[in-house]
Structure formats: structure tokens, C-alpha cells
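Peer 1: following is a predicted model, sequence given first.
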Amino acid sequence: MEIYDGRRAEVPGYSRFRVNLGNFVGHGDISAARSNIEGDIREQHGYLAFQHPNKIADAIRCVSDVKLWEEVGIRLGLPAGPVKERLVLIVERRNKIAHEADVDPTYGTLWPVHSTDVIGVIDFLDRVASAIDEIVGL
């Protein structure tokens with residue numbers, strides 16, 4: 001919406017974003033359609049998880065041309081590949097916990113969850129989110 005309002009530079013991803021033409025029906029002034037467009041964006045993205053690195057980068061491309069994971073890696077002092085790989089591992093573990101009850105199929109017991117692992121994941125995700133926020137400037 002910042003691009004739509006002229007407060008942020010337009011990027012190619014913004015131009016490719018699809019909105020419902022019904023947002024403009026009955027509005028003599030395009031600016032009057034703003035709330036409908038915002039609602040449309042929320043509806044389209046409301047069901048998306050934005051957990052996988054590629055999906056996060058796709059969303060960021062709507063507002064920025066930055067090479068997201070390279071920039072995040074620079075801020076974290078790591079190459080982009082390991083940052084993305086760790087994020088994928090975190091998402092996979094989260095999905096096992098949420099959708100498979102986190103059961104080890106070999107023994108039928110729960111995989112262990114250690115507090116140090118949880119703290120490490122929270123710290124990593126906080127640093128990634130802070131880096132993205134800094135890079136994109138939201």
C-alpha cells in the first residue's frame with residue numbers, strides 16, 4: 001500500500017501483483033478504491049504461511065528488489081545458503097510437531113525437544129526477522 005500511496009518506490013514485483021478489478025467498480029476516483037485493494041491483499045495473503053525461504057522472498061519481492069537471503073546472510077554474518085537451510089529445517093520440524101504429533105516412527109515415541117534448542121530457534125528467527133525488517137525498511 002505504501003507503493004500505491006506513492007511513499008515507496010515501485011518495483012517489478014508490485015506491478016505483477018494481481019488485484020480484483022471489482023475493487024475499482026463504482027469508484028469515480030481510483031484513490032477511493034484503496035481500502036478495497038488493501039482488503040484484497042489481506043485476503044490473498046491471509047491463508048499463506050510465509051515459512052519457506054522462497055515464499056518469504058516472493059512476498060518481499062512485492063515491495064523490494066533486494067536479494068533477500070544474501071542481505072540477511074550479510075547481517076547475520078553467514079552465507080545465504082546456510083541461513084535458508086536452517087530456516088527450512090525449523091519449518092520442517094514445526095510441521096512435524098503440528099501435523100505428525102512429532103512422533104519418531106521407529107520407536108513410536110516423541111522426538112525430544114530441549115529448551116536450549118527452542119531458545120536457539122527463537123533467537124535465530126528473531127535475528128532473521130529483524131534483518132528482514134531492516135533490509136526492507138517496513
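Peer 2: That came in fine, so what should we check first? Note that this is a predicted model, so its numbers are computed, not measured.

Peer 1: now do the contacts for the closest residue to residue 83 other than its chain neighbours.
Peer 2: Leaving aside its sequence neighbours, residue 83 sits nearest to residue 73 (CB to CB, 6 or more residues apart in numbering; 5.0 Å). Just so you know, the C-beta spots here come from the backbone N, C-alpha and C atoms, and that holds for glycine as well. Shown in contact with residue 73 (CB atoms under 8 Å, 6 or more residues apart in numbering): 79-80, 82-83.

Peer 1: which helix or strand lies directly C-terminal to the lowest-mean-pLDDT helix or strand in the chain?
Peer 2: Every helix and strand in the chain was compared by mean pLDDT, DSSP states H and E; the lowest is helix 34-45, with a mean of 82. Using DSSP states H and E, the next helix or strand after helix 34-45 towards the C-terminus is helix 53-60.

Peer 1: so that following helix versus helix 34-45, what angle?
Peer 2: Taking axes from the mean of the first three to the mean of the last three CA atoms, to 10 degrees, one finds helix 53-60 and helix 34-45 inclined to each other by 170 degrees.

Peer 1: for the chain, give me the ranges with low pLDDT.
Peer 2: For the chain, applying pLDDT under 70 flags the ranges 27-32, 138.

Peer 1: can you give me the helices for it?
Peer 2: Assigned by DSSP state H, the helices in the chain fall at 12-16, 34-45, 53-60, 68-76, 80-100, 115-136.

Peer 1: residues in contact with the residue nearest to the spatial centre of the chain?
Peer 2: Of all residues in the chain, the one closest to the mean position by CA atoms, centre = their mean is residue 56, 3.3 Å from it. Taking CB under 8 Å, 6+ apart, we find residue 56 in contact with 50, 68, 132.

Peer 1: wait, the first one sits on residue 60?
Peer 2: No: judged on CB atoms under 8 Å, residue 50 makes no contact with residue 60 at a distance of 9.5 Å.
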